[in-house]
Structure formats: structure tokens, C-alpha cells
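# need a 3D model of the following:
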Amino acid sequence: MSESKRVFVGIDLSRKFSRLIPMLKTTIGEHEGDIKWISGKNLHLTLSFLGNIDDSKIETLIADLQEVKALAKFTLSVNGTGTFPNLETPKVFWLGIEEGYDELSDTQSIIDELSFDYKETQREEKFVPHITIGRINSAKKSTKIDVSTFLNAVYSPIEIPINIVNLYESRLTPDGPRYKILAEFPLS
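Have a look, this model is predicted:
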């Protein structure tokens, strides 16, 4: 039986928000502990989640993704906060993309095309660029949280040069996911 890896294509954002996230945690108040905050070393922006892929196909996937290297470098400006799926029962707390949205969407679209045949499930979801910084797994807990202060948090936009796209393996552990870079694709 063939082994498989749970993989996605994304952009590493570790060490980019070391001061911002602790400040945003304080906006939640007494329920801050109900949110599982993403550790700084795991921060990333997912461009395409592929799911479980047989180990035998990983090298071919990496070869197919080499075309990403022809894409131009760009800069993202991160500003604003939000929640998914809604304000009443937030499950995901995120940072928004203010500038570089078009370049990011174009990059994501090309990656989706290059990796289409490898995806475990084909979804027709619209790409909504965001950086997940926290999650709530319990509906009961999520209805208790007043997100208004979080949503109104003001911070200076953070400029992030996007020079590399990565193929990651995601290993789920009891302590949370662990990410390992399987391949790097420097942009031109």
C-alpha cells in the first residue's frame, strides 16, 4: 500500500506578525483562551489545498509546479481583520489583504491550474485571500465571543515581499498541525 502526504501550496509568513498577533489577542478579552491561536512558526497563506497525495506522485507534482518560478515577485499589504463564516458564530479569525490582491489571485489561479489533476477533491470555491490567525472548534464557545473590538482593531499596514511559493506537507498532531516544506519555488 502506497504512503501519502497531506499537502498544500502556500506562502510562508512565519516571523511576520510577532507583535501584531499578541495585540489582537487582547481585543477578544476574557474569551481569548477559547480561541486556538496559530503559532508564529505556522503562519502561512494557503494558495491551494491539495489533500492527500500518494508519495509516488509528489515528485511529478513538484515538476509540474516548476512553472510557478516564471511568475513575478510581488508585495502584499496586510491590513484589517475579519471572521468566517460570520460575526455571530466566528470559527476563523483572519487578517486581510489590502494591496497585492490581484497579483495574489493571479498566482493562486495559476497554481490551481498546475495542480488541478492532483487535488483530492475538486471544489469550485472562490479564492478569498486571508491569513488565518486563530480558530474556534466549538459552536458553543463561538457564540459567546464579542468580535467587535477585534474587527475594529487598527494597526499599520504590514508590507510583505512575496518572493517564494512553497509546497508544504501538513502533519496533523494532537498539538496542532506541523508543516514541512517539500519544495520551494522562487519567483522571478
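# and the residue positioned nearest the centre of the chain, what are its bridge partners?
Nearest to the mean C-alpha position of the chain, by C-alpha atoms, centre = their mean, lies Leu45 at 2.9 Å. On the basis of DSSP bridges, Leu45 takes part in beta bridges with Ile11.
# look at it and report its pLDDT.
Leu45 carries a pLDDT value of 96.
# partners of Ile160 in the sheet?
Leu76.
# for the residue nearest to the centre of the chain, list the residues it contacts.
When contacts are counted by C-beta atoms under 8 Å, 6 or more residues apart in numbering, Leu45 touches Gly10, Ile11, Leu13, Leu104, Pro129, His130, Ile131. The way it works is simple: take the backbone N, C-alpha and C, and place the C-beta from them, glycine included.
# 6 Å instead?
Shown in contact with Leu45 (C-beta atoms under 6 Å, 6 or more residues apart in numbering): Gly10, Ile11, Leu13, Ile131.
# quick one, phi/psi of the nearest residue to the third one once chain neighbours are set aside?
Once flanking residues are discounted, Leu13 sits nearest to Leu43: 4.3 Å by C-beta to C-beta, 6 or more residues apart in numbering. Main-chain torsions, Leu43, degrees, to the nearest 10: phi -70, psi 130.
# same thing with Ile62?
Dihedral angles for Ile62 - degrees, to the nearest 10 - are phi -60, psi -40.
# residues touching the longest helix seen in the chain, excluding its own?
In the chain, taking DSSP state H as the definition, the longest helix is helix 101-115. Residues outside helix 101-115 that contact it (C-beta under 6 Å, 6+ apart) are Val9, Leu47, Ser48, Leu50, Asp64, Leu65, Glu67, Leu71, Phe74, Phe127, Pro129.
# so which of those residues sit within strands?
Val9, Leu47, Ser48, Leu50, Phe74 (DSSP state E).
# closest one of the residues you listed to Glu184?
Val9 (11.1 Å; C-beta to C-beta).
# the closest one contacts Ser48, correct?
Yes: the criterion here is C-beta atoms under 6 Å, and Val9 meets it with Ser48 at 4.5 Å.
# no more questions from me, cheers.
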